[in-house]
Structure formats: structure tokens, C-alpha cells
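>>> Structure for the following, please:
(chains A and B, ligands or ions: 4)
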Amino acid sequence: MSRLLKFNIFRYNPEDAQSEPHMQEFVLEETDAMTLFIALNRIREEQDPSLQFDFCCRAGICGSCGMVINGRPGLACHTKTKDLPGEITLLPLPVFKLVGDLSVDTGSWFREMYTKTESWIHTEKEFDPEALEERMDNKDAVSIYELERCVECGCCIAACGTARMRDDFLGAAALNRVARFLIDPRDQRSEKDYYEIIGNDMGIFGCMGLLACEDVCPKHLPLQNQLGFLRRKMGITSLKRLFGK
Amino acid sequence: MTIVYAPAGKSGKWDGVLDWLQMLSGASLILFMWCHMLLVSSVVISPDLMNAIAWFFEATFMAQVGGPLIFVVFLMHFVLAARKIPFRMDGQKAIWQHARMMHHGDTWLWVIQAVSAMCILVMGSIHMWVVLTDLPITAAKSAARIQGGFWAVFYLFLLPLAELHVGIGFYRIAVKWGFVKDKDRPRFKRGENIVTLMFIGIGLITLIRFLFLATN
Ligand code: HEM
Ligand code: SF4
Ligand code: SF4
Ligand code: FES
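Ligands and ions are numbered 1, 2, ... in the order given. Prediction:
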């Protein structure tokens, strides 16, 4: 006999003037290898077609299914019900704009963040489509790849106490993004250029080291190590700037 | 290269320097707290030892100059670190809600740090004032104060609050600046917890020793 799972799900439709934020209960029989992706789809099909939530790849790749699962931000498609207690509370990710129920708009946030951090290679070199690609040290390529694995799910932002207290805080995904360009030899920006972007309390010096980002990231990005690396780099840059070098 | 940055005009020229000062003021206070523990708990070995150490600090003017200096560092650290504490109601509500939602140890540690900080600000100031306006420091005078009852209770609160704040601060500096990497974090945290408990233990033993010390 499989478990009966009790779901408490946040319901609110900001488009509907009648709608009030509230929690709604659903009961569902657990099946083998059930993920929250499967559970939510069954609830929508069998019990309430108006339930809103986001999914796309159902394999932890697209990053669209981030939500707060029993208090912790995580990917719904990545979470097996057998790892959870019989009562499961689902909330939308805080910080991001609510679309409705469990669905939030992470896209606009990341779009704005990429503009703010100028998240592209800055170079004066003329691009020659005929030429062979420039070679890069394998070690650099591997470290860049490691940081590129971010799926932009927004869990690290929703889990960050600093981001919740201050809405101008860039957050771990953004700082990780800057670290990715900082180690990229093709990007000609200097440390002082990066200081203009993250060398302030909205950036790396705002981070209080609560490490919730590190602990929730479903892709296990090395956020703690990157934040430490950036703080040291930018800390040293701040002293260099102070003494006018 | 000319780059036009989106967050224009928000250069944090001083933010980096302030972060250094926050860390360094915290670190010097940690160092101070360790020395402080050495001085005070030496009474457990012998009151004469404590008197000798106190005498040394005064003969070298470290108490007269160092004491007020520590107080200045203490206030500086308060001003710097308080930049991170939400004093407005919405910020307070956000962090409490967040901590309760997350069930996340390190987030709670920060809440403890901010709350203990406010208590230390008031109680630490009172304590420093009382001790530094009544030099020289002697084991007998301290014992008399504590046996009065009020100060015993006062220290019973201040001791764990201060040790928690110092312990968490030490851990935080290590992870924030990347001196401790992700792989070593669990072990480092456990070690830090044990050290904090040990310090609280030594502090309690010291208080008990003072309670039963002859005061003449
Ligand atoms: C005046 C009262 C105090 C207040 C209001 C205060 C406040 C704070 C706050 C809010 C933090 C966290 C800052 C952050 O997360 O960025 C902090 C960190 C810290 N505090 Fe205090 N504190 C006080 C006294 C002390 C004392 C007496 C000590 C040591 C004996 C101390 C040692 C530390 C250390 C080492 C840190 C970590 C520094 C860092 O993360 O950069 N504090 N303090
Ligand atoms: S370590 Fe920094 S970025 Fe990560 S959760 Fe904490 S404050 Fe936020
Ligand atoms: S760093 Fe991790 S938690 Fe943050 S957005 Fe990327 S994948 Fe998600
Ligand atoms: S559906 Fe794509 S990450 Fe969950």
C-alpha cells in the first residue's frame, strides 16, 4: 500500500481581482519513482486544471521548475516524493515576480542581471569568421565550464537572506556569472572594470556569507568558493584603488 | 577600453574598504576575546596568577590605553556591522520569515549573530565601563562584584552571547573570504562549535571559581 501524500499548495492569481492568496490542500496516492513534476501534473490533470506551475525539460536542465519545497528552494522535477515526508508544502520562489500559484518570472530577473553585469565577452579584437578559434588552456576551459553549468533556476537567489532583505543585491548566480568572465582569458576587462560592477554592497561586499546559495543549488555549483575568490580579488582591488595604483 | 556600466554612478569606492574594516575590527575583537579569556580564567589556576597578569597589563599601560582602544574598535565594529542589520520593520520581518521558512543552519546563525550583537552592544558597554573606571583589576575585586549576585547573573547572560557571537564571527570570516573551502566547511564548523562550547565551559568554571573566592 503506497502512501497518501498531502500537498499544501500556495494559490493566488494576481490577474484575478477576486483571488486571495491562500493555501489549498490536495491528496494524491504516491506512485513508484514519483517526482514533484509527476505529482503536480497529476493534480492538474485529475483535480484542478487551473493550477499554475512551470516545467519544460523535467530533467534538471532548463531551470524553470524552481519552487520552495518544504521550506527549501529546489527543482521540482529533481525532487523525488520518496525523499519527502507525507505532508508536502509548496510555495513559489520569493524575490521573483509571481505569475500565479507556483509560477514565477525568473526570466526578467536574469535578463536584467545580465545587463547589469554586462554578461558577455568584452574584447577589442576584431572578430574574424574565417580564422580558427583561439586556443585556451584546458584548465581554464574546465573551470569556465564548471561555472557555466548554472541553469538559472533562481534557487540561490530565493534562498539568500541578503537578497530577501535588499532587492538591489545581485545574488550568487550573478556573482558566479561575473567570476566566469573574470577567469575567461578572452575577456579583456581588468579587475578595476569588474570592481565597477560588483565591488560594492549590491555586489560581493553585500554578501554576508550565509551560504544558503551553496546549500540549495541543485546543480551543486561551487558558489562558496567563487564568492570567497571574488571577495578576496575585489578586496585587494579596493585597496589598490585606495592607494591610487 | 571604454565600457559604459549599467549601474552607473554607483561606484562602491568605499564599500570594499568598509568590508575590510568590518572584518579586521571583528578579527581584532576575536583576538582580544581570547586574551581576555586567558586573563580572567587564569584565576582558576590561582588568583595570584590573575593579579600578576593584570598587574603586567597596567604596568605596561596596556589596560589604560588598550582598554579604551578596544572600546573604540568595539564601537567601530558595531557601526560597520550594523550596516547589514535590517532596522526597518519590513527588513526584520523578511529575515525572520526567511529563517523560519528555510530550516537552514547558517541562516539561523546569522540571526543569532545579529540578535546577540544588540545584547553585546548594551551589556559589553556597561561591563567595560564598570571595569575600566575601577582599575586596577584584581581577582578579589572581581570576586566581590560577582558575589554581589547581580553581576553573576549579568555575566551568565553576557558570556554565552559573546562566545556565540565570536564563534560564529570566526566561522563567517573563514567562509566569506574563502579561507575555508567547501570541502572543509563541515569539519571546520564542527571544530568551531566545539571550541565555542569549550570557551563557554571555561567561562562558567571561572564564574564559579569567583563565586567561592575569598574577597579580602
Ligand atoms: C557592539 C556590539 C556588536 C554588534 C552590534 C555586532 C554586530 C555584528 C554583525 C551584525 C555581524 C554580521 C555582519 C555580517 O554578516 O556582515 C558581526 C560580525 C562579527 N562580529 Fe560583531 N558585533 C558586536 C560586537 C562584537 C564583539 C564584541 C566581537 C568580538 C569580541 C565581535 C566579533 C565579530 C566578528 C568576528 C564578526 C564577523 C565579521 C565579518 O563577517 O566580517 N562583534 N557583528
Ligand atoms: S553566501 Fe552570499 S549570496 Fe549566498 S546566500 Fe549567503 S549572502 Fe546570499
Ligand atoms: S547557481 Fe545554482 S541555484 Fe543559482 S540559479 Fe544557477 S543553478 Fe540555480
Ligand atoms: S523542468 Fe527543467 S529543470 Fe525542472
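>>> Find the residue closest to residue A:211 in space, skipping its chain neighbours.
The shortest distance from residue A:211 to any non-neighbouring residue, by C-beta to C-beta, 6 or more residues apart in numbering or on different chains, is to residue B:106 (4.9 Å). For glycine as for every other residue, the C-beta is placed from the backbone atoms N, C-alpha and C.
>>> Over to residue B:18?
Nearest one to residue B:18, counting by C-beta to C-beta, 6+ apart, is residue B:80 at 6.0 Å.
>>> Can you give me the buried ones in the helix or strand where the one you found lies?
According to DSSP states H and E, residue B:80 maps onto helix B:67-81. Neighbour-count burial for helix B:67-81, counted by 16 or more other C-beta atoms under 10 Å in any protein chain shown, picks out B:67, B:70, B:73-74, B:76-78, B:80-81.
>>> Likewise for stretch A:154-173?
Buried residues in stretch A:154-173 (16+ other C-beta under 10 Å): A:154-166, A:169-173.
>>> Using CSV, write out every CA atom in that stretch.
Taking Å, rounded to 0.1, in the frame of the first residue of the first chain, the C-alpha atoms of stretch A:154-173 are listed here in CSV:
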residue,chain,number,x,y,z
GLY,A,154,16.8,31.2,-9.2
CYS,A,155,17.0,28.9,-6.2
CYS,A,156,20.2,30.5,-4.9
ILE,A,157,18.5,34.0,-5.0
ALA,A,158,15.4,32.9,-3.3
ALA,A,159,17.4,31.1,-0.6
CYS,A,160,19.6,34.2,0.1
GLY,A,161,18.7,36.2,3.2
THR,A,162,20.6,39.2,1.8
ALA,A,163,18.6,39.1,-1.4
ARG,A,164,15.4,39.0,0.6
MET,A,165,16.3,42.0,2.7
ARG,A,166,17.7,44.1,-0.1
ASP,A,167,16.2,43.9,-3.6
ASP,A,168,19.3,45.6,-5.2
PHE,A,169,21.6,42.7,-4.1
LEU,A,170,22.9,40.8,-7.2
GLY,A,171,23.0,37.4,-5.6
ALA,A,172,25.1,34.3,-6.1
ALA,A,173,24.0,33.5,-9.7
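>>> Does chain B have contacts with that stretch?
Yes. Residues of stretch A:154-173 are located near chain B by C-beta under 8 Å from any C-beta of the partner chain, namely A:159, A:161, A:164-166.
>>> can I get those in TSV with secondary structure, pLDDT and distance to ligand 2?
Below are the residues of stretch A:154-173 next to chain B laid out as TSV (DSSP: H, G, I helix; E, B strand; the rest coil; pLDDT from 0 to 100; distance: C-beta to the nearest ligand atom, whole Å):
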residue	secondary structure	pLDDT	distance to ligand 2
A:159	coil	91	6
A:161	helix	88	6
A:164	helix	86	9
A:165	helix	86	10
A:166	coil	85	10
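>>> Return the member of the residues you listed nearest to residue B:191.
Closest to residue B:191 out of these is residue A:161 (24.2 Å), distances taken as C-beta to C-beta.
>>> Distance check, the closest one against residue B:35.
With the distance defined as C-beta to C-beta, to the nearest Å, residue A:161 ends up 32 Å from residue B:35.
>>> just residue A:181 next, same as before
Counting by C-beta to C-beta, the gap from residue A:181 to residue B:35 is 44 Å.
>>> So for the two, which sits in the more crowded spot?
Taking other C-beta atoms under 10 Å in any protein chain shown, residue A:181 and residue B:35 do not tie; residue A:181 has more neighbours (21 against 15).
>>> Nearest residue to the middle of chain A?
For chain A, the residue nearest the mean C-alpha position is residue A:154 (2.4 Å; C-alpha atoms, centre = their mean).
>>> Spatially, what comes nearest to residue B:204 if we skip its sequence neighbours?
Spatial nearest neighbour of residue B:204, chain neighbours left out: residue B:159 (7.1 Å); criterion: C-beta to C-beta, 6+ apart.
>>> for chain A, longest helix please?
helix A:223-242 (DSSP state H).
>>> is that helix up against ligand 1 anywhere?
No. Contact of helix A:223-242 with ligand 1 (C-beta under 6 Å from any ligand atom) is absent, the minimum separation being 9.9 Å.
>>> and that helix, what other elements does it pack with?
For helix A:223-242, the packing partners by 3 or more C-beta pairs under 8 Å, 6 or more residues apart in numbering or on different chains; DSSP states H and E come out as helix A:172-182, helix A:191-198, helix A:212-216, helix B:15-45, helix B:150-176.
>>> repeat that with 6 Å
helix A:172-182, helix A:191-198, helix A:212-216, helix B:15-45 (3 or more C-beta pairs under 6 Å, 6 or more residues apart in numbering or on different chains; DSSP states H and E).
>>> Run the chain-centre distance for the first one.
It refers to helix A:172-182. Relative to its parent chain, helix A:172-182 has a centroid offset of 12 Å by C-alpha atoms, centre = their mean, to the nearest Å.
>>> quick one: average confidence on it?
Averaged over helix A:172-182, pLDDT sits at 91.
>>> now it against helix A:223-242, angle please.
If you take axes from the mean of the first three to the mean of the last three C-alpha atoms, to 10 degrees, helix A:172-182 sits at 60 degrees to helix A:223-242.
>>> gap between the residue nearest to residue B:18 and ligand 2?
Note on residue B:80: its distance to ligand 2, by C-beta to the nearest ligand atom, to the nearest Å, is 17 Å.
>>> measure the residue nearest to the centre of chain A to residue B:93 for me?
From residue A:154 to residue B:93 the distance is 22 Å (C-beta to C-beta).
>>> again, but for residue A:55
Residue A:55 is 32 Å from residue B:93, by C-beta to C-beta.
>>> Tell me which of those two has more neighbours.
The residue with more neighbours, out of residue A:55 and residue B:93, is residue A:55; 16 against 12, by other C-beta under 10 Å.
>>> ok, the closest residue to that one other than its chain neighbours - contacts?
The shortest distance from residue A:55 to any non-neighbouring residue, by C-beta to C-beta, 6+ apart, is to residue A:65 (5.1 Å). The neighbours of residue A:65, taking C-beta atoms under 6 Å, 6 or more residues apart in numbering or on different chains as the test, are A:54-55, A:75-77.
>>> Please list the members of those that lie in helices.
Short answer: the contacts of residue A:65 have none in helices (DSSP H).
>>> So which of the residues you listed would count as near ligand 4 as well?
Filtering the contacts of residue A:65 for proximity to ligand 4 by C-beta under 6 Å from any ligand atom leaves A:55, A:75, A:77.
>>> So the second one sits against residue A:218, correct?
Yes. Distance between residue A:75 and residue A:218: 4.5 Å, which falls inside the contact criterion (C-beta atoms under 6 Å).
>>> neighbour-wise, which of the two wins?
With neighbours defined as other C-beta under 10 Å, residue A:75 and residue A:218 compare such that residue A:75 has more, 28 against 19.
>>> residue contacts, that one?
Here residue A:75 is in contact with A:60, A:65-66, A:153, A:218 (C-beta under 6 Å, 6+ apart).
>>> Please repeat the previous calculation with a cut-off of 8 Å.
With contact taken as C-beta atoms under 8 Å, 6 or more residues apart in numbering or on different chains, residue A:75 is in contact with A:60, A:63, A:65-66, A:153, A:155, A:218.
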